[in-house]
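S.K.: turn this into a structure:
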Amino acid sequence: MNRILLIDTVLFLVLACGTASAQQEPQASRTVTQYRIASGAWNPARMIQTQRQENGRTIETQIVEAPSDGGYQAISETEQETIQVDANTVRVVQRLYTPVDGTRKPYQTTEEERHTGPGDRETVVRTISALDSDGHSQVLERDIEESDLTAPDVRETNTTVLRLVAGTLAPVQKFEQTEHSNGDSVEVQRNMLAPDGSDHFQVIQAERSVVTQTKDGQTSQSTMYGNDGRAPLTPIEQTTGSEWKSGDTQREMSQTFSVNVPGRTPDDHLHLVQQQSLQTVAAPGGGTLTETQVHEVNPGAPEDGLRLTTVETETSQLVDKSQTENHKQVRSLDINGNFPIDWEENSRTTTKPK
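M.R.: Okay, here's the model as predicted:
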């Protein structure tokens, strides 16, 4: 389970008039979230996210602020603009800014253009640029992705990653993906290729996943293959999962097997290293209660199997027709065998009609 940075976060997605510069722009919702760290203190840093529609464009911003002289000062800003160029083309531009002398200065831009052609053929070109020491924009990476239906139930996608090498963009990585639909199942085979030193590319990692729809939910299995520079590829990690619903209760279960076991020397066999379970039940008043448990291997005694290491609970409750309150709490196993609170999250979402 990924750890979340212990910062106070304020997320804003606004639907009514939000700022002086956007007073006439409809916006969707406003969510305020704060995290309390284990010591009980509230970290005053915050993040603000907004979304608005403007002249056929969708503009999203994310601002991270830190306390400064009794107020707040932005320390980073991300702006993403999505434009429907025409019926077959969508352009997404993301800009990263950093504050300099009270103004925001762009330092990285990602431009993505997705085009859909005849026969469901898709082409995506993604370019990442950054400012050099002289303030000029320099292309650092360009990804070219081409996807096509090779059969009614088969889609193939090939991606080439070019990065700046000795002042020139050169191919450094490739991905090959095949997606095959078969009744209630979808199988995806994805290969990662790297240069072999002789102007050719060889597969260095592969992943095969199968998702099957069932009467009450779905099952999944994903296997990662690697070779550590040696052929042939062998399984190095496998995850199996299932999701199902019974009445007002939604359940999920997953198990991860790996050749790398904490506290043990890696071998060529897959061992159970983690298990996660999630249960969501309907609460009175239209809310929900979700509990997630994570069991993992103890590095100090890997032969003992899995032990409970993390418990996460989250409640969502309707305040009224336009507001929802959420509370999340994470407890982790400490050296004394107890489960003290690592952090807490409180949030309120306000939705206003257009």
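S.K.: for the rest of this, base every contact and every neighbour count on C-alpha atoms.
M.R.: Fine.
S.K.: show me the strands in the stretch 51-200 of the chain, by range?
M.R.: 57-68, 71-86, 89-100, 103-116, 122-131, 137-151, 154-165, 168-182, 185-195 (DSSP state E, counting those that start in this stretch).
S.K.: neighbours around D334, how many?
M.R.: Counted by other C-alpha atoms under 10 Å, the residues lying close to D334 total 12.
S.K.: contacts only, for the residue nearest to it when sequence neighbours are not counted.
M.R.: Nearest in space to D334, with sequence neighbours left out and distances taken as C-alpha to C-alpha, 6 or more residues apart in numbering, is P340 at 7.4 Å. Shown in contact with P340 (C-alpha atoms under 8 Å, 6 or more residues apart in numbering): A38, R331, S332, L333, D334.
S.K.: check what pLDDT P340 gets.
M.R.: P340 is assigned 92 on the pLDDT scale.
S.K.: measure it to T310 for me?
M.R.: In this view, P340 and T310 are 10 Å apart by C-alpha to C-alpha, to the nearest Å.
S.K.: ok, K245 next?
M.R.: Remark: distance between K245 and T310 (C-alpha to C-alpha) = 23 Å.
S.K.: hmm, back to that, right, and the strands of the stretch 51-200 of the chain - which one's nearest V297?
M.R.: strand 185-195 (28.6 Å; C-alpha to C-alpha).
S.K.: what packs against that closest one?
M.R.: Packing contacts for strand 185-195, counted by 3 or more C-alpha pairs under 8 Å, 6 or more residues apart in numbering; DSSP states H and E, involve strand 168-182, strand 201-213.
S.K.: picking up where we left off before, quick one: the strands of the stretch 51-200 of the chain as CSV, columns for mean neighbour count too.
M.R.: As requested, the strands of the stretch 51-200 of the chain are exported to CSV (neighbours: other C-alpha atoms under 10 Å):
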stretch, mean neighbour count
strand 57-68, 17
strand 71-86, 16
strand 89-100, 17
strand 103-116, 17
strand 122-131, 18
strand 137-151, 17
strand 154-165, 18
strand 168-182, 17
strand 185-195, 17
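S.K.: can you put those strands in CSV and add distance to D320?
M.R.: Listed next are the strands of the stretch 51-200 of the chain as CSV, based on distance: least, C-alpha to C-alpha, whole Å:
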stretch, distance to D320
strand 57-68, 26
strand 71-86, 31
strand 89-100, 35
strand 103-116, 38
strand 122-131, 42
strand 137-151, 45
strand 154-165, 45
strand 168-182, 43
strand 185-195, 40
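S.K.: out of the ones you listed, which gets nearest to M253?
M.R.: Among the strands of the stretch 51-200 of the chain, strand 185-195 comes nearest to M253, with 18.7 Å by C-alpha to C-alpha.
S.K.: mean confidence (pLDDT) on the closest one, please.
M.R.: Mean predicted lDDT for strand 185-195 stands at 96.
S.K.: and the contacts of it?
M.R.: Residues from elsewhere that reach strand 185-195 (C-alpha under 8 Å, 6+ apart): 172-181, 201-213.
S.K.: can you list the strands that that strand pairs with?
M.R.: strand 168-182 (antiparallel), strand 201-213 (antiparallel) (DSSP bridges).
S.K.: and E79, which of the ones you listed is closest to it?
M.R.: strand 168-182 (26.0 Å).
S.K.: next, the angle from that closest one to strand 137-151.
M.R.: Strand 168-182 runs at 30 degrees relative to strand 137-151, counting by axes from the mean of the first three to the mean of the last three C-alpha atoms, to 10 degrees.
S.K.: how about residues contacting strand 168-182?
M.R.: Residues outside strand 168-182 that contact it (C-alpha under 8 Å, 6+ apart): 140-142, 153-164, 186-195, 201.
S.K.: how far is stretch 333-352 from where the chain is centred?
M.R.: Between the centre of stretch 333-352 and the centre of its chain there are 20 Å (C-alpha atoms, centre = their mean, to the nearest Å).
S.K.: over to stretch 45-58?
M.R.: Worked out by C-alpha atoms, centre = their mean, stretch 45-58 lies 19 Å from the chain centre.
S.K.: again, but for stretch 184-200
M.R.: Distance, centroid of stretch 184-200 to centroid of chain: 22 Å (C-alpha atoms, centre = their mean).
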